[in-house]
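K.L.:
Fold the following, please.
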Amino acid sequence: MENMKKLTKVTAGIMSFALALGAVSYIPAARPVGSVFAAGEESEETADIHDYYLEDVYISDVCTDPLDASLSVERGDHGYYEPWSRNRLVLRFDRSMPDGLLNKNLALLEELDERTVISLKLQTAEEYTILDSFNDPEKMTYEFAGSYRVYDIVKVISPGIHYYGDINDDGVIDSFDLITYRKYVTKTDHDGLTDAMFKNADINKNNAIDEDDLKRVSDYILGNLDDFYDTEIGSIRLDNTVNVEASEGKVTDEAFAKAEMQFGVDLVKKCFDPTKQGEENLLISPMSISSALAMTANGADGKTRDEMEKVLGSGLTLDQLNEYLAYYAANLPNEKKQKVMLANSIWFRDDPMLQVYDSFLETNKKYYSSEIYKTPFNDSTVDDVNSWVSKNTKGMIPSLLEPGSLDPTPEKIIMMMLINTLYFEADWMNPYDSSYAGTFTDLNGEKHNIQRMNSKESFYYDLGDADAFKKPYAGGEYSFVGILPRENDIISYVNSMDAEKITEDLKTYEDPDSIDLYVTMPKFSYDYSKSLSEVLFDLGMEEAFSKDNADFSKMGKVTIENPLGVPETTPLYIDDVLHKTKIEVTEKGTKAAAVTAIMMAAAGAMPIEKKKVNIVLDRPFVYMIVDKNNTPLFIGVATTLEEN
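P.N.:
Presented below is the predicted three-dimensional model:
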């Protein structure tokens, strides 16, 4: 799936091209057509403005000094870039531009990253006829080298980036998109729309272009909506009434990393079944799942608690997990090039028959900063939950629940939901300059067209039965781990994965001076969803799913009237564990998101010669996103990838 972005509204024209690079999550705003001067300036001067479009240029230098602001770029040659001074175009900002325009461009320069590839539309007061043929592949790169005076950069686009709401796929959301929306809302077919255009248009992700999509775009353009995923939540929020000081937690260490790796590998081995339709590729988040289950376990007692503790902790107690997870969530990076966000919430039914204990809420507020909502558990709650999930995954997972999913049935009544979201976004420490066409061979030996990215890396791990590498993200706190089995049988490899061995093997990499490590990895994106109830039951969490035996007596109690009209208490139990994930891996970096929801129900009426290593991920492989302690945030298995 294309690299999609959901972005927020800002002043028209101010941030559009920097945001197109994905530096921050905002929607590119429409620039007034023909508006290149500040209000009140003589329109006759617009005749002296010349438009140029520079496609796929490599940023070599950015200078934000107001007295000498400039952007240095190099023209590529069929996807290859030679960052030499003889090929360089230096775009210097005209000092005669109005202060407002200069400040706008300076703000944009602040958001640009060196060593990235972009396309840009610029305007100059002076005519440069040589730039008219800039995108002509027959022209030599050095012919365009030199210095150019720029009046304004109108738009910057990063290759492969698309925008929700931009049905025309022209990099801006404007009235022309509204016209196209109105055309297709009344049609059952999508003739004339490319796949990217349709995905841009389907904001609510229901595989249709409907009135809801149209309304969101209309409200956004009119300024009534700041973004497409952060809508107002109508449920009553109560966590501010829970008076408890947040725990600083316990510094995460090897014991915590080993527990998370064990839990993650156990889940992967149980979940992985690429023979099932729609489950060819897997991605789970051990961190998200363990956070949601640990919150739930804080309401458990007896055998139910013991089983949950054993599955989650691998020897750690629930109290230890609470402390570790509190510290982990409180010390996540929130920077331009690396951002990790964990969010937790507890939603319970506004019904007099349910009593939720303050001690349970206080514990989860203390260790998990849980937001707490009291709500009717109807379709308005479905909307609120979906909005909360979408907001906290930056729109990567736009919905979790379907309409009607909280309605009572004769067999059960959903009384509470404990939800965790995890959002990861980081640039590579060394981004790829470009990608190129290649193939990926799936489980059945069929080849699929993909875009591939090449790099020379430093961290090689010999796992015995597989070759592995780490590619660090900016800041060095997190890395992508790629694991390629030596035998071409991904199913056997996954089934034999040993968490303890992987943890040990990833501690030590081979001497980079003794190895030339060349890595080819695919540019890919996909999403994954699965109910984890059977998986967790098989791992040993049996009591928690039993209507008769589950013991969540520390969470609260449900009192109902039996057929004789006598009040009696019925136990809470876990009805389902929902898990959704999504990942996007591009030349620039990685974005990934996860949501886990524990659905609680009540039964009742209601210089030496170097070794050369080539790791080419062009067949099924395992991958992870880990921190510096090798704590896995995500673990995935890719068996079928293709270019969308």
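K.L.:
nearest spatial neighbour of residue 349, skipping sequence neighbours?
P.N.:
residue 377 (4.4 Å; CB to CB, 6 or more residues apart in numbering). From N, CA and C alone the C-beta is placed, and that goes for glycine too.
K.L.:
any idea how far the one you found lies from residue 410?
P.N.:
Per CB to CB, to the nearest Å, residue 377 is found 16 Å from residue 410.
K.L.:
Looking at those two, which is more packed in?
P.N.:
residue 377 (25 against 8; other CB atoms under 10 Å).
K.L.:
Can I take it that that one is in a helix?
P.N.:
No. Per DSSP: H, G, I helix; E, B strand; the rest coil, residue 377 lies outside any helix segment and is coil.
K.L.:
Who are the contact partners of the residue nearest to residue 349?
P.N.:
Contacts for residue 377 (CB atoms under 8 Å, 6 or more residues apart in numbering) come out as 347, 349, 350, 351, 406, 414, 415.
K.L.:
One more pass at 7 Å, please.
P.N.:
Residues near residue 377 by CB atoms under 7 Å, 6 or more residues apart in numbering: 349, 406, 414.
K.L.:
wait, doesn't the last one sit right on residue 598?
P.N.:
No. Under the criterion of CB atoms under 7 Å, residue 414 makes no contact with residue 598, lying 10.8 Å away.
K.L.:
With adjacent residues omitted, what lies nearest to residue 417?
P.N.:
Residue 417 sits nearest to residue 347 (CB to CB, 6+ apart), 4.5 Å away.
K.L.:
what's around that neighbour, how many residues?
P.N.:
Residue 347: 24 neighbours (other CB under 10 Å).
K.L.:
could you say what helices and strands the host helix or strand of residue 104 packs with?
P.N.:
If you go by DSSP states H and E, residue 104 is part of helix 99-111. When contacts are defined as 3 or more CB pairs under 7 Å, 6 or more residues apart in numbering; DSSP states H and E, helix 99-111 packs onto helix 16-20, strand 152-157.
K.L.:
mean pLDDT lowest for which of the ones you listed?
P.N.:
Averaged per stretch, pLDDT over these is lowest on helix 16-20, reaching a mean of 34.
K.L.:
Show me where the stretch 151-300 of the chain has its helices.
P.N.:
175-185, 195-201, 211-221, 254-271, 286-297 (DSSP state H, counting those that start in this stretch).
K.L.:
Single out the most deeply packed of those.
P.N.:
Among the helices of the stretch 151-300 of the chain, helix 286-297 has the highest mean neighbour count (mean count of other CB atoms under 10 Å), at a mean of 26.
K.L.:
Would you mind pulling the contact partners of the following helix or strand past it?
P.N.:
Going down the chain from helix 286-297, the next helix or strand is helix 302-313, by DSSP H and E. Contacts with helix 302-313, where a contact means CB under 7 Å, 6+ apart, come from 259, 263, 290, 293-294, 297, 300, 317-318, 321, 536, 539-544, 550-552.
K.L.:
Could you list the alpha-carbon positions for helix 302-313 in CSV?
P.N.:
Once non-C-alpha atoms are left out, helix 302-313 reads as follows in CSV (Å, rounded to 0.1, in the frame of the first residue of the first chain):
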residue,chain,number,x,y,z
GLY,A,302,-6.1,-16.3,42.1
LYS,A,303,-5.4,-18.7,39.3
THR,A,304,-6.5,-16.2,36.6
ARG,A,305,-3.8,-13.7,37.7
ASP,A,306,-1.2,-16.5,38.1
GLU,A,307,-1.8,-17.7,34.5
MET,A,308,-1.7,-14.2,33.1
GLU,A,309,1.5,-13.4,35.0
LYS,A,310,3.2,-16.6,33.8
VAL,A,311,2.3,-15.9,30.1
LEU,A,312,3.3,-12.2,30.2
GLY,A,313,6.3,-12.2,32.6
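K.L.:
can you pull the buried residues of that helix?
P.N.:
304, 305, 306, 307, 308, 309, 311, 312, 313 (16 or more other CB atoms under 10 Å).
K.L.:
Poorly predicted segments of this protein, please.
P.N.:
Low-confidence segments of the chain, defined by pLDDT under 70: 1-47, 77-86, 158-162, 205, 226-232, 563, 604-609, 644.
K.L.:
SS state for the residue sitting furthest away from the middle of the chain?
P.N.:
Going by CA atoms, centre = their mean, the residue of the chain most distant from its centre is residue 564, 52.2 Å out. At residue 564 the chain is in coil, as set by three-state DSSP.
K.L.:
what does the domain assignment say about this structure?
P.N.:
3-163, 236-426+527-603, 428-525+609-638 (automatic domain parsing).
K.L.:
how about the strands of the stretch 351-500 of the chain, start to end?
P.N.:
With DSSP state E, counting those that start in this stretch, the ranges of strands along the stretch 351-500 of the chain come out as 354-356, 371-375, 412-427, 436-441, 447-457, 459-462, 466-472, 478-485.
K.L.:
export those to a markdown table and tack on distance to residue 196?
P.N.:
Below are the strands of the stretch 351-500 of the chain laid out as a markdown table (distance: least, CB to CB, whole Å):
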| stretch | distance to residue 196 |
| --- | --- |
| strand 354-356 | 46 |
| strand 371-375 | 35 |
| strand 412-427 | 21 |
| strand 436-441 | 18 |
| strand 447-457 | 14 |
| strand 459-462 | 35 |
| strand 466-472 | 27 |
| strand 478-485 | 25 |
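K.L.:
do you know which of the ones you listed lies nearest residue 524?
P.N.:
Nearest to residue 524 among the strands of the stretch 351-500 of the chain is strand 447-457 (7.0 Å), distances taken as CB to CB.
K.L.:
packing partners for the closest one?
P.N.:
Judged by 3+ CB pairs under 7 Å, 6+ apart, strand 447-457 is in contact with strand 436-441, strand 515-531.
K.L.:
Could you look over those and pick the most buried one?
P.N.:
Buried most deeply of the helices and strands packed on strand 447-457, by mean count of other CB under 10 Å, is strand 515-531, with a mean of 19.
K.L.:
That one: what's the following helix or strand?
P.N.:
Past strand 515-531, further along toward the C-terminus, the next helix or strand under DSSP H and E is helix 533-538.
K.L.:
for that following helix, the distance to its chain's centre please.
P.N.:
26 Å (CA atoms, centre = their mean, to the nearest Å).
K.L.:
about what we covered before: any idea which of the domains of the chain is most buried?
P.N.:
Highest mean neighbour count among the domains of the chain (mean count of other CB under 10 Å): domain 236-426+527-603, with a mean of 20.
K.L.:
Compute the first-to-last residue distance for that one.
P.N.:
Taking CA to CA, to the nearest Å, domain 236-426+527-603 runs 25 Å from one end to the other.
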